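Engineer: Return atomic coordinates for the entry below.
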Amino acid sequence: MKLRKWFSLCLAAMLAISLVPAAGFAQPAHSEPDGGLVNLALGKSYTLETPYPRDSHFSTVEAAHPDDTGRQLTDGEYGGTTFSNMAYVGSIWQGSRIVTIDLEQVSTIQEISVNVLQDLPVGIFFPKQVQFSISHNGKVWEKLDTVNNEISTTEKGPLTQKLTLQGINKVARYVKAEIAVDSWVFMDEIEVWGTPGRSGRPLTPSPQGPKDKIKYPGPGSEQAGGIRSEVLIYTGEWQYEPADWISFTKEDFKPYVSYVDTDMNRVDYMFDGYLFLPYAPLLDGANFGPTTGKPTNKAHFESFLDRLFRDDYELGALNQAVQEAKAELGNPAYKAKVAIAIPYPRTDQNDFGDVDGDGISENMKVSEVGEDQALANREKVVRWFVDEVYDRWQQAGYTELELVSFYWYNEFVAYQLAEKDGELIRRTGDYVRSKGARLQWIPYYFGRGWDEWKDIGFDSALMQPNYTFHNTTADRVDAVAQAARAHGMGVEIEMSDAVLTNPEIRDKYYTYLDKGVEYGYMKGSYNAYYQQVKTLLKAAQSDDPDAREVYDLTYQFIKGTYKARQ
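Structural biologist: Prediction:
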């Protein structure tokens, strides 16, 4: 449930681009530098790598747009604006692609360029940046400048762009380009313009940074709002029986607030953080996701709040569950830490409703009011929602809960929908911090914006491996753990109800835990746990020892005592 299902549908749509390729062709319209320079990379060999362990699932997906000859990026052939042209090499997610070209002789390099395609309807984006480096021996590198995308992220295309670094005038044999990959990146040619020989300036090796520096968001840290272990709690409409299935009572919360034995007796505290989110699809056809279904409006946002602030469900039920736990377990100072999702203010909504009392319904539709006005109206909606949360929180007078954080509901930065989506997040972070809270985020697997989370205003971020939901290998969790640590993020731990009955899915869940020991995020990071509504409740109540073990080992992981399997 949640956006995982939405993500899978989106992914299926994007993967539909594997059409029958056409023949490649040279495109002389691409200009060449003046001054007698030659393309030193023409016909040269290179490596094409991912920065973390390559994902078996997405490697299979990429096979629809392969580098058939191992020279397609240096053969001088362009693919025009047709993504199915064989000149294009397609790469999907996994952080970035690192292309390292051996020029075969020491040369003076003046200019490096990467030619890329954007075609938004099929999920192909210009990379946000390319980092260029040069080397004498392919081991010690000088980092040159980073070249950023300068064309609108909302330009549908298809169109192409050369990301070019000029004025280098340095001597080297190897050239490296690290190309950021958000969704699909299609590139057809990398060129290195210069002259053979040593007429340029010598390169200067860049300093080597510290290795293996663990930078997970610390458990209980200020940036995490004091949360150590956070469970995702959904609330929402349900078209089947029981109609109120996606909601929590005091009894439902019992095995989350407290670790319970097989007789459901409290033994210890368990989770200290609770992230409340709306279930995305609504019965009237609206959807809290960014593009699925009809756009949500003020009434939908208010309905989410109405569900959250009920006396005997959600927040009210959690308050009662903590009261009962404290009566048995002690620790009168204990309070449950709460994070509340901010629903995504959709860029296709032109009639959200009036949130500031001026009698005018807020129009957030970028195509109608433009980027600046849409940003202002979307920010207005976000501030209204945050203020509503605080007003209702104060009125409720919870004695056992602390509101410590807000959560950005959309699982990627939707630059393809609004150029200023990142700016909206930045302003949202500033606003919630002015209220004394923090802003957290859990993007899906290398979701757009994952590596700029801090720059765009989040206080903390965790990444979803989506390992449970894809037919891939345990390398998926290795890659996410390494990428997350390198970028100061944590790792979300994921389970579906299948973990209770399917040994293969259960083994996948335990892989998350094993890797947490190996990479240090068990003790070194605050963690979030995705479940299929009430998976851990079912595990706690189960008479099946294998299902019950899921609950017990989760508790051990939370407490830092879990022992990885051999």
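
Engineer: C-alpha from now on. contacts and neighbour counts both.
Structural biologist: Noted.

Engineer: Can you list the strands that the longest strand along the chain pairs with?
Structural biologist: In the chain, ranked by residue count with DSSP state E as the criterion, the top strand is strand 96-118. Counting by DSSP bridges, the strands paired with strand 96-118 are strand 46-49 (antiparallel), strand 159-165 (antiparallel), strand 170-180 (antiparallel), strand 184-196 (antiparallel).

Engineer: Now that strand - C-alpha only, CSV.
Structural biologist: The C-alpha trace of strand 96-118 is given here as CSV (Å, rounded to 0.1, in the frame of the first residue of the first chain):
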residue,chain,number,x,y,z
SER,A,96,24.8,8.3,-11.4
ARG,A,97,26.9,6.9,-14.2
ILE,A,98,30.6,7.2,-14.3
VAL,A,99,32.1,7.2,-17.8
THR,A,100,36.0,6.9,-17.9
ILE,A,101,37.6,7.3,-21.2
ASP,A,102,41.2,6.3,-22.0
LEU,A,103,42.5,8.7,-24.7
GLU,A,104,45.4,6.3,-25.2
GLN,A,105,48.0,9.0,-25.2
VAL,A,106,48.8,12.1,-23.1
SER,A,107,47.0,15.1,-24.6
THR,A,108,46.1,18.7,-24.0
ILE,A,109,42.4,18.9,-23.2
GLN,A,110,40.5,22.0,-23.9
GLU,A,111,36.8,21.0,-23.8
ILE,A,112,34.6,18.1,-22.7
SER,A,113,30.9,17.6,-23.5
VAL,A,114,28.2,15.1,-22.9
ASN,A,115,25.2,15.1,-25.2
VAL,A,116,21.9,14.2,-23.5
LEU,A,117,18.1,14.0,-24.3
GLN,A,118,15.0,15.1,-22.4
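
Engineer: for it, which positions count as buried?
Structural biologist: 96-103, 106-118 (16 or more other C-alpha atoms under 10 Å).

Engineer: Which is the succeeding secondary structure element to that strand?
Structural biologist: Going down the chain from strand 96-118, the next helix or strand is strand 129-135, by DSSP states H and E.

Engineer: report the angle between the axes of that following strand and strand 159-165?
Structural biologist: 40 degrees (axes from the mean of the first three to the mean of the last three C-alpha atoms, to 10 degrees).

Engineer: element containing residue 378, please.
Structural biologist: helix 366-396.

Engineer: Check the offset of that helix from the chain's centre.
Structural biologist: 23 Å (C-alpha atoms, centre = their mean, to the nearest Å).

Engineer: who does the next helix or strand after that helix touch, helix- and strand-wise?
Structural biologist: Per DSSP H and E, the first helix or strand lying C-terminal to helix 366-396 is strand 401-408. Here strand 401-408 touches strand 336-342, helix 421-434, strand 438-441, going by 3 or more C-alpha pairs under 8 Å, 6 or more residues apart in numbering; DSSP states H and E.

Engineer: quick one: strands adjacent to the last one?
Structural biologist: Strand pairing for strand 438-441, using DSSP bridges, gives strand 401-408 (parallel), strand 460-463 (parallel).

Engineer: outside of that strand, which residues touch it?
Structural biologist: With contact meaning C-alpha atoms under 8 Å, 6 or more residues apart in numbering, strand 438-441 is reached by 223-225, 404-409, 411, 428-429, 432-433, 457-462.

Engineer: quick one on the thing from earlier: residue 452: which of the strands paired with strand 96-118 is closest?
Structural biologist: Ranking these by their distance to residue 452 (criterion: C-alpha to C-alpha) puts strand 170-180 first, at 11.5 Å.

Engineer: Only alpha carbons, please: show that closest one as PDB.
Structural biologist: Extracted in PDB, the C-alpha atoms of strand 170-180 (Å, rounded to 0.1, in the frame of the first residue of the first chain):
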ATOM      1  CA  LYS A 170      45.300  20.800 -19.100                       C
ATOM      2  CA  VAL A 171      47.400  17.800 -19.900                       C
ATOM      3  CA  ALA A 172      46.000  14.300 -19.100                       C
ATOM      4  CA  ARG A 173      45.300  10.900 -20.600                       C
ATOM      5  CA  TYR A 174      42.100   9.900 -18.900                       C
ATOM      6  CA  VAL A 175      38.800  11.800 -18.700                       C
ATOM      7  CA  LYS A 176      36.000  11.000 -16.300                       C
ATOM      8  CA  ALA A 177      32.400  12.200 -16.500                       C
ATOM      9  CA  GLU A 178      30.000  11.500 -13.600                       C
ATOM     10  CA  ILE A 179      26.500  12.000 -14.900                       C
ATOM     11  CA  ALA A 180      23.600  12.300 -12.400                       C
END
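
Engineer: List the buried residues of it.
Structural biologist: Buried residues in strand 170-180, defined by neighbour count with 16+ other C-alpha under 10 Å: 170-180.

Engineer: Tabulate those residues in CSV, adding columns for pLDDT and distance to residue 562.
Structural biologist: Below are the buried residues of strand 170-180 laid out as CSV (pLDDT from 0 to 100; distance: C-alpha to C-alpha, whole Å):
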residue, pLDDT, distance to residue 562
170, 98, 53
171, 98, 53
172, 98, 50
173, 98, 49
174, 98, 46
175, 98, 45
176, 98, 41
177, 98, 41
178, 98, 38
179, 98, 38
180, 97, 36
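
Engineer: between the residues you listed, which is nearest residue 156?
Structural biologist: So of these, ranked by how close each gets to residue 156 (C-alpha to C-alpha), first place is residue 180, at 18.9 Å.

Engineer: Could you list everything the closest one pairs with in the sheet?
Structural biologist: Counting by DSSP bridges, residue 180 forms beta bridges with residue 96.

Engineer: Am I right that it is in contact with residue 99?
Structural biologist: No - the criterion here is C-alpha atoms under 8 Å, and residue 180 misses it with residue 99 at 11.4 Å.

Engineer: Can you name the residues bridging to residue 171?
Structural biologist: residue 108, residue 202.

Engineer: Let me see the mean pLDDT of the helix holding residue 378.
Structural biologist: Taken as a whole, helix 366-396 has a mean pLDDT of 98.

Engineer: So what angle separates the directions of it and helix 421-434?
Structural biologist: With the same axes, to 10 degrees applied, the angle from helix 366-396 to helix 421-434 works out at 20 degrees.

Engineer: Output the contacting helices and strands for helix 366-396.
Structural biologist: strand 336-342, helix 421-434.

Engineer: ok, residue 474 - contacts?
Structural biologist: So residue 474 contacts 467, 508, 511 (C-alpha under 8 Å, 6+ apart).

Engineer: on that earlier part again, just name the most buried of the strands paired with strand 438-441.
Structural biologist: Stretch with highest mean neighbour count among the strands paired with strand 438-441: strand 460-463 (a mean of 26; mean count of other C-alpha atoms under 10 Å).

Engineer: any idea which helix or strand comes after it?
Structural biologist: Strand 460-463 is succeeded, C-terminally, by helix 475-486 (DSSP H and E).

Engineer: ok, and for that next one, which residues are buried?
Structural biologist: 476-486.

Engineer: Tell me which other helices or strands that helix touches.
Structural biologist: Against helix 475-486 (3+ C-alpha pairs under 8 Å, 6+ apart) you get strand 460-463, strand 490-494, helix 503-519.

Engineer: what's the closest of the ones you listed to residue 192?
Structural biologist: Relative to residue 192, the nearest member of these by C-alpha to C-alpha is strand 460-463, separated by 35.4 Å.
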